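Trainee: Starting from these lines, generate the structure:
(2 chains)
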Protein chains: 2
Amino acid sequence: MSYFDAASSAPLHPVARQALQASLDDGWADPARPYREGRRVRLLLDAAREAAAEAVGCRPDELVFTSSGTRAVHSGIAGALSGRRRVGSHLVVSSVEHSSVLHSAATHEAGGGSVTEVPVGRTGAVDPGTYAAALTEGTALACLQSANHETGTEQPVAEVAGACRAAGVPLLVDAAQSLGWGPVGGDWSLLTASAHKWGGPAGVGLLAVRKGVRFAPQGPADERESGRAAGFENVPAIVAAAASLRAVRAGAGAESVRLRGLVDRIRASVRELVPDVEVVGDPVRRLPHLVTFSCLYVDGETLLHELDMAGFSVSSGSSCTSSTLTPSHVLRAMGVLSEGNVRVSLPLGTPDAEVDRFLAVLPGVVRSARERLGAGATGAAGPVRDERRGRLPAHTAAGPGAAAGPDGGAGPDGLVVDALGKRCPIPVIELAKVIGDVPLGGVVTVLSDDEAARLDVPAWCEMRGQEYAGAHPVDGGTAFRVRRVS
Amino acid sequence: MSYFDAASSAPLHPVARQALQASLDDGWADPARPYREGRRVRLLLDAAREAAAEAVGCRPDELVFTSSGTRAVHSGIAGALSGRRRVGSHLVVSSVEHSSVLHSAATHEAGGGSVTEVPVGRTGAVDPGTYAAALTEGTALACLQSANHETGTEQPVAEVAGACRAAGVPLLVDAAQSLGWGPVGGDWSLLTASAHKWGGPAGVGLLAVRKGVRFAPQGPADERESGRAAGFENVPAIVAAAASLRAVRAGAGAESVRLRGLVDRIRASVRELVPDVEVVGDPVRRLPHLVTFSCLYVDGETLLHELDMAGFSVSSGSSCTSSTLTPSHVLRAMGVLSEGNVRVSLPLGTPDAEVDRFLAVLPGVVRSARERLGAGATGAAGPVRDERRGRLPAHTAAGPGAAAGPDGGAGPDGLVVDALGKRCPIPVIELAKVIGDVPLGGVVTVLSDDEAARLDVPAWCEMRGQEYAGAHPVDGGTAFRVRRVS
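Mentor: Residues are numbered from 1 along each chain as shown, chains lettered A, B, ... in the order given. A predicted model of the protein is given here:
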């Protein structure tokens, strides 16, 4: 078994386990009580806060422990927005933030505030100048992740923090994915993190608020954690979180070099071994242990299932693996292919041999997933169209919509592929199957009501060297126009 | 060492420890992920939910795990209020609820809602008729604890639930103190609880919302726990919470009988062994393991400190042991003495011998605390006034305020005791010292700016058989009038 989804949750670090067990005996009493059991817990809590604050790079009295990274983000954003409500109610976030940030932004907007989502480039990073331009007189808070959870791309936090400082706007950095690797540089004002991402236990988040930052905790009052994190402190877990952060940091230098090498190998090999694949995210400015790629003509759910059967646990931003039927907002914001998406994030200590085995297994898994959808072994848009057609549930051969569109086949707009009611990756497969029938310079129109098509048809065009000619709404969906140019 | 503060937090139950350790290996992955590590965690979570739901007496899909009991209360109240906002914005609570309920009520009020606090009688229970009368057309939600955390008094939940059902108002029951002893009877709509109160780990609360109850989770959206508890689930702790609840319940019948016997002994013995003591709370309808009493002429902080030195960890609702300088809102609502307050709550398995030792030690601790304040060994208001006076920092003898009040000593209003600037229990000690100087039928006035005096002067009158003749504001504080009638 190879667990390659550390970015979701890392296996419990041995030091976390040890610290947790060691503090179970002494860590159950109320740290607010003056008797000896309470004093003992208070000492544990104080020591954990000092250790965590040192790793974060802040003062102990600037740091509170929350019940999760999500809670840290919710409380941090709400408290900072309220603390600066006299300045204004404008919130700036990047378009690739974690859902806890974007959902906080949606709540803020629903409550009458305004939100600007700063776009990202094709590698997933914001441009510092674009970010700075989003800051206005009435901006109460800006948020930027240290590194992206789906692609590993690092954000230019120091530059953005500088721009925020110049504009007098506090910057909240969601450091959930990076804190185990090192402190966040730059002059940030608030920082959040989550222990189970670095191998600490679940149930512990960090919220740091620099002295001088206006902060008004929201929700019912509670005296715990300086009034910033309601509920009885989970001290054994907090102790384990702090101890494991320190342990992980001690080995981060060497391990990041080693894992970066493994990821570099995956990045290069996937391109060589798998046809029609797009490796996404910044190749250099990125987390050491994370790589994401997308495979054309593949159903992400099948891919995950087959990899799971082969002993690999990975995640995916494909729409077919989510409950919402929409692809990952990160891939969407980057404008990259979402179908057949695979995120590999290596836990600390991943042996080289597991990566070797993954690279040995992956091509066959992708091939068989493509074959199952009739998309062939070497890419649906290759030259072997006759062979493929025989194996496809192909509308062009037998489907009810067939190649005859609303205009009755090749109308004034050229060929029409009716993929309405079909989910990712079928619309793109259908497109690939007919592109050979389109004369050079001619247009094929794909009708689809699948959210992923909006992302995947243009991405396919880029990958296959065809021209994406835009989209317009039609009855029951969207018409995507593709001009054959090669 | 005897830890007698289970109502704050119970020592970790052996079954909780075992279940926690056993699930650390399998419980760290994301239960929402489809690969095998995730599926394994999902199974653990589902099983824990079924076990906890059975103990609560609800369906598994009615129960979510929160990060604490406080969070369960905050989320439960906010969600129920919002779910019924079209009905109205009136909230009913008892005056002795846990601070998490009262702080939620304060937040609701600050947001424009209205709140009715139903008073309690001298034993700390609400009257079901009075509670029912507080329900109006616009009542969105009613809250009532199953049993009080400071006095152990059980509330008439079934009767109040019936009245709420008749009025069409959902009732939220805070079962934090009682769930380990048994399910909450009656037709409640929402229920909250906290695992570390029954010996489970910190970091786990329960929120049950019956099907059919309108509920709109507040705060940023999050897909975890049916959208009702944001943040990554702490599955090992949840497993430990459910397993220990089941274990505690299995032994609850026999253990409640045994602890009830021990508490009965404390209730009776304290009255015999300690002069001027008031045992508070309902003597019969109460939690089995909890007893609270208050000792006249004693500084609660000293009492706790001395008991801690003697090896007993207890808590107190006295003002001098809190950061707010106000006595416990529970004691205040009951109108009982707050000074020298001690809460004893026995953990499961407390040996008889520890209670014996407590009863052997307590009288001496109280006596020496009284002596330290010059309040004598047998009660400040006893007959040995001359002896006492010599040892007191007595204003009547030497204090700057002395017995001369604003009217120049025994004015038209009789004797005036100026205790301004003096904290509990000094004002009552001063009162006790001079009562012998007041002629039968005469009045003594105590000037005090201590919040506790508002509670303790009337309570002293009741305990000492004198007549409390009311209070009125004066420069810098309040004048409390006491008529000597015995």
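Trainee: And for residue A:257, the neighbour number?
Mentor: When neighbours are defined as other Cβ atoms under 10 Å in any protein chain shown, residue A:257 has 10 of them. From N, CA and C alone the C-beta is placed, and that goes for glycine too.
Trainee: Kindly report the same for residue A:44.
Mentor: Residue A:44 has 22 neighbouring residues, counting by other Cβ under 10 Å.
Trainee: ok but it is inside a helix, no?
Mentor: Yes. Counting by DSSP: H, G, I helix; E, B strand; the rest coil, residue A:44 is located in a helix.
Trainee: what's around residue A:356, how many residues?
Mentor: Residue A:356 has 13 neighbours, counted by other Cβ under 10 Å.
Trainee: What helix or strand is it located in?
Mentor: helix A:352-372 (DSSP states H and E).
Trainee: helices or strands next to that helix in the packing?
Mentor: strand A:2-3, helix A:235-273, helix A:300-309 (3 or more Cβ pairs under 8 Å, 6 or more residues apart in numbering or on different chains; DSSP states H and E).
Trainee: mind checking which of those is nearest residue B:9?
Mentor: helix A:235-273 (10.0 Å; Cβ to Cβ).
Trainee: now for that closest one, which elements pack on it?
Mentor: On a contact count with 3+ Cβ pairs under 8 Å, 6+ apart, helix A:235-273 meets helix A:14-24, helix A:36-56, strand A:277-280, strand A:290-295, helix A:352-372.
Trainee: Tell me what angle it forms with strand A:290-295.
Mentor: Angle, helix A:235-273 to strand A:290-295, by axes from the mean of the first three to the mean of the last three Cα atoms, to 10 degrees: 40 degrees.
Trainee: Go through helix A:235-273 and flag the buried ones.
Mentor: Neighbour-count burial for helix A:235-273, counted by 16 or more other Cβ atoms under 10 Å in any protein chain shown, picks out A:235-249, A:252, A:255-256, A:258-260, A:262-263, A:266-267, A:269-270.
Trainee: can you tell me how far the closest residue to residue A:368 other than its chain neighbours sits from residue A:343?
Mentor: Closest residue to residue A:368 apart from its sequence neighbours, by Cβ to Cβ, 6 or more residues apart in numbering or on different chains: residue A:306 at 6.9 Å. Distance, residue A:306 to residue A:343, by Cβ to Cβ, to the nearest Å: 16 Å.
Trainee: the more surrounded of those two?
Mentor: Set residue A:306 next to residue A:343 and count neighbours by other Cβ under 10 Å: residue A:343 wins out with 25 against 20.
Trainee: For residue A:331, see how far away that one is.
Mentor: As judged by Cβ to Cβ, residue A:343 and residue A:331 stand 10 Å apart.
Trainee: which neighbours do those two share?
Mentor: Here residue A:343 and residue A:331 share the contacting residues A:150, A:317, scored by Cβ atoms under 8 Å, 6 or more residues apart in numbering or on different chains.
Trainee: Can you tell me what sits against the helix holding residue A:356?
Mentor: Counting by Cβ under 8 Å, 6+ apart, helix A:352-372 makes contact with A:2, A:4, A:262, A:265-266, A:269-270, A:273-274, A:277, A:295, A:297-299, A:302-303, A:306-307, A:310-312, A:340, A:344, A:346, A:376-377, A:379-380, A:391, all of which sit outside it.
Trainee: ok, now with 7 Å
Mentor: A:2, A:262, A:265-266, A:269-270, A:273-274, A:295, A:297-299, A:302-303, A:306-307, A:310, A:312, A:376-377 (Cβ atoms under 7 Å, 6 or more residues apart in numbering or on different chains).
Trainee: Return the distance of whatever residue of the stretch 101-250 of chain A ends up closest to chain B relative to residue A:258.
Mentor: Distances between the stretch 101-250 of chain A and chain B by Cβ to the nearest Cβ are smallest at residue A:231, namely 3.0 Å. Taking Cβ to Cβ as the criterion, residue A:231 is separated from residue A:258 by 39 Å.
Trainee: coming back round to it: burial of the residue of the stretch 101-250 of chain A closest to chain B, as a residue count?
Mentor: Neighbours of residue A:231 (other Cβ under 10 Å): 25.
Trainee: picking that back up, TSV for the helices and strands packed on helix A:235-273, including mean pLDDT?
Mentor: TSV is the format used below for these (pLDDT from 0 to 100):
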stretch	mean pLDDT
helix A:14-24	96
helix A:36-56	97
strand A:277-280	96
strand A:290-295	97
helix A:352-372	96
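Trainee: quick one: the strands in the stretch 51-200 of chain A?
Mentor: Applying DSSP state E, counting those that start in this stretch to the stretch 51-200 of chain A gives strands spanning A:63-66, A:90-94, A:114-118, A:139-145, A:171-174, A:190-194.
Trainee: Mind putting the ones you listed into CSV with mean pLDDT and distance to residue B:477?
Mentor: Below are those laid out as CSV (pLDDT from 0 to 100; distance: least, Cβ to Cβ, whole Å):
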stretch, mean pLDDT, distance to residue B:477
strand A:63-66, 98, 37
strand A:90-94, 98, 47
strand A:114-118, 98, 50
strand A:139-145, 98, 43
strand A:171-174, 98, 46
strand A:190-194, 98, 43
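Trainee: Now mean pLDDT too, for the helices and strands packed on helix A:352-372, in a markdown table please.
Mentor: What follows is these, written out as a markdown table (pLDDT from 0 to 100):
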| stretch | mean pLDDT |
| --- | --- |
| strand A:2-3 | 97 |
| helix A:235-273 | 98 |
| helix A:300-309 | 93 |
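Trainee: Which one, of these, ends up nearest to residue B:45?
Mentor: helix A:235-273 (17.0 Å).
Trainee: and the closest one with helix A:352-372, angle?
Mentor: 60 degrees.
Trainee: Quick one: closest of the strands of the stretch 51-200 of chain A to residue A:125.
Mentor: In terms of Cβ to Cβ, the element of the strands of the stretch 51-200 of chain A nearest to residue A:125 is strand A:90-94, at 8.8 Å.
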